[in-house]
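Enquirer: got a predicted structure here, sequence first:
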Amino acid sequence: MHDLLKRASLPLLALVLALPINAHAQTANSETGKTVPQSQMEMQLSFAPLVKQTAGAVVNVYAEKTVRRQSPFAGDPFFEQFFGQQMPNRTQKQSSLGSGVIVEANGTIVTNNHVIEGADEIKIALSDGREFPCKVILKDDRLDLAVLKVDTKATFPALPIGNSDAVEVGDLVLAIGNPFGVGQTVTSGIVSALARNQVVKDEFGFFIQTDASINPGNSGGALMNMKGELIGINTAIFSRGGGSNGIGFAIPANLVKVFIASADAGVKTFERPYVGATFDAVTSDVADALGLEKARGAIVVKVTEGGPAAKAGLKAGEVITAVDGIAVEHPDALYYRLTTAGLGKPVDLAITDNGKEEHVKMTLGQAPETTPRDQRTIGGRSPFTGTVVENLSPRVADELRMASESTGVVVSEVKDGSVAQQLGFEPKDIIVSVNSADVKTTKDLATLAAQNPSFWRVEIERNGQRIRQFFR
């Protein structure tokens, strides 16, 4: 097969070189300055100078964590006779491998959150063989981004961050990373698509798609343009067998810029702008009903009273089609544009309502803590023993990745091995009532949990579903 492909390609190449160059192709695009190869010499150009210039800023990231493995004989009466109730457990170190990009000469590195999640120890290895330990400055599982910092006074080569909004489908790109742990590897391709969503469940949904080969280990590595600028962080692949099928996805550099700025500011968590509204995708049926030419945009489903959307005058049924003059294809694209605009910044929204387009200004703010969270750990003897509960507010809801309009008392954490865990309580459970008494605040729950009834009748809300349970 290899010989057949090789023989078949030679006449085709000769034919291409013999063809006259199209007059339109001889002139660079007046808007972008881009052009196609116009001679055999140009077709033999190499990426090598660009790789030498930039590869030193891409590092290998090694993350190590210790996990405890339960003895397979735990609970066996025969073995417990000799070892007692506490069976010997083993600890084991697990290592994960990924890539990262040095974005500041002081040793600031950006990578994917899933590369370092749960790690006890993280170190990076440069292409010249040097290794350094580093610590996590900021991470966010929803965006799947993390910023690391090397604790040293050394100066490192850094990759400049480009403007991902200038990226176009068809642009040449290079992907640099450490696939399968074989060592630093460079692959080339083009940008295949933009604004891809629904790629990774429950995570950020606005990716650059590329056919440059990306494999396990490339996560956190650089997607780079022909200027040697970072335009994306390689994050995911579409694959049925675990290898590259030519469909890879990268987080756009403009979002990476905002995330790094937050890390440099010293914040503990990355804050997204609070809109005070929920949105849905515009389907073809909705587009027909609203008289829209195309099924794109984000339709307003609900507006929270007193929020930024309400103050801007947004109403349910209106469709947002653009932010600051840039079209939005779906709700994920809307959230991306608002996030990259930055907190406290006013944005111009193009709104379509009843077939008419108008523009409104909306100022982006932080999610408010309208009700003090009053975090409490429930102890004593109750079904809730071992839960950490908080009063819901838009800020708490955002932290827990819940709907911003959620209210009541929410379980933010369930302690390992606790009574609550054994009974099946989960984070994000909203405690609605206990023994027919409504639970409106954490103080209410703490008071009810301190009682000692003969049985417990508990009502919770989980993923929009009401569940009633009885305990003795």
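Expert: On my side now, so go ahead.
Enquirer: distance-wise, check the most centrally placed residue in the chain relative to residue 258.
Expert: By C-alpha atoms, centre = their mean, the chain has its centre lying nearest to residue 143, at 2.1 Å. Distance of residue 143 to residue 258, computed by C-beta to C-beta, to the nearest Å: 10 Å. For glycine as for every other residue, the C-beta is placed from the backbone atoms N, C-alpha and C.
Enquirer: hmm, back to that, so how far is residue 52 from the residue nearest to the centre of the chain?
Expert: Applying C-beta to C-beta to residue 143 and residue 52 gives a distance of 31 Å.
Enquirer: quick check: the residue nearest to the centre of the chain touching residue 113?
Expert: Yes: at 7.4 Å, residue 143 and residue 113 qualify as touching, with contact defined as C-beta atoms under 8 Å.
Enquirer: from residue 259, how far out is residue 138?
Expert: Using C-beta to C-beta, residue 138 is found at 7 Å from residue 259.
Enquirer: give me the common contacts of those two.
Expert: 147, 270 (C-beta atoms under 8 Å, 6 or more residues apart in numbering).
Enquirer: if we can go back for a sec, mind checking the SS state of the residue nearest to the centre of the chain?
Expert: The three-state assignment at residue 143 reads coil, by DSSP: H, G, I helix; E, B strand; the rest coil.
Enquirer: and it, what pLDDT?
Expert: Note on residue 143: pLDDT of 90.
Enquirer: again with residue 4
Expert: At residue 4, pLDDT is 32.
Enquirer: quick one: the helices in this structure?
Expert: 2-18, 23-26, 40-43, 48-54, 77-83, 113-116, 253-264, 284-290, 308-312, 331-341, 394-399, 419-423, 442-449 (DSSP state H).
Enquirer: who are the packing partners of the fourth one?
Expert: So the one you mean is helix 48-54. Counting contacts by 3 or more C-beta pairs under 8 Å, 6 or more residues apart in numbering; DSSP states H and E, helix 48-54 is packed against strand 172-177, strand 222-224.
Enquirer: low-confidence stretches in this protein?
Expert: 1-34, 67-94, 96, 200-204, 239-245 (pLDDT under 70).
Enquirer: try it again with 80
Expert: 1-38, 40-45, 65-96, 180-183, 198-205, 237-246, 355, 403-405, 472 (pLDDT under 80).
Enquirer: which residues touch stretch 121-130?
Expert: Here stretch 121-130 makes contact (C-beta under 8 Å, 6+ apart) with 55-56, 58-65, 100, 109, 116, 131-136, 148, 150, 156, 184.
Enquirer: what's the answer for stretch 154-165, then?
Expert: By C-beta under 8 Å, 6+ apart, stretch 154-165 touches 54, 56-58, 101-107, 126, 132, 150, 208, 222, 224-225, 227-232, 252-257, 260, 326.
Enquirer: one more pass at 6 Å, please.
Expert: 54, 56-57, 101-105, 107, 225, 229-231, 252-254, 257 (C-beta atoms under 6 Å, 6 or more residues apart in numbering).
Enquirer: of those, just the buried ones, PyMOL syntax please.
Expert: Buried residues within the contacts of stretch 154-165, by 16 or more other C-beta atoms under 10 Å, are selected in PyMOL with:
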select buried, resi 54+56+57+101+102+103+104+107+225+229+230+231+252+253+254+257
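Enquirer: looking at the contacts of stretch 154-165, which are in strands?
Expert: Among the contacts of stretch 154-165, the members found in strands (DSSP state E) are 101, 102, 103, 104, 230, 231, 252.
Enquirer: the nearest residue to residue 325 once chain neighbours are set aside: how many residues sit nearby?
Expert: Of all residues not flanking residue 325 in the chain, residue 348 sits nearest, at 7.1 Å (C-beta to C-beta, 6 or more residues apart in numbering). Neighbourhood size, residue 348 [other C-beta atoms under 10 Å]: 14.
Enquirer: let me see the contact set for residue 414.
Expert: 387, 420, 421, 425.
Enquirer: ranking these by neighbours, who comes first?
Expert: Going by other C-beta under 10 Å, residue 387 tops these with 30 neighbours.
Enquirer: ok, residue 278 - contacts?
Expert: Residue 278 neighbours (C-beta under 6 Å, 6+ apart): 301, 302.
Enquirer: for it, give its distance to residue 185.
Expert: Applying C-beta to C-beta to residue 278 and residue 185 gives a distance of 42 Å.
Enquirer: for the stretch 351-472 of the chain, what spans make up the strands?
Expert: 356-363, 376-377, 387-391, 409-414, 430-434, 437-438, 456-462, 465-471 (DSSP state E, counting those that start in this stretch).
Enquirer: of those, which stretch is the most buried?
Expert: strand 387-391 (a mean of 24; mean count of other C-beta atoms under 10 Å).
Enquirer: which other helices and strands contact that one?
Expert: strand 409-414, helix 442-449 (3 or more C-beta pairs under 6 Å, 6 or more residues apart in numbering; DSSP states H and E).
Enquirer: format those as TSV; extra columns: distance to residue 356.
Expert: Shown next, in TSV, are those (distance: least, C-beta to C-beta, whole Å):
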stretch	distance to residue 356
strand 409-414	40
helix 442-449	47
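Enquirer: closest one to residue 194 among the ones you listed?
Expert: With C-beta to C-beta as the criterion, residue 194 lies closest to strand 409-414 of these, at 36.1 Å.
Enquirer: about what we covered before: out of the helices and strands packed on helix 48-54, deepest packed?
Expert: Among the helices and strands packed on helix 48-54, highest average neighbours (mean count of other C-beta under 10 Å) belong to strand 222-224, with a mean of 31.
Enquirer: contact partners of that one?
Expert: Against strand 222-224 from outside (C-beta under 6 Å, 6+ apart): 58, 101, 173, 174, 175, 176, 230, 231, 232, 234, 250.
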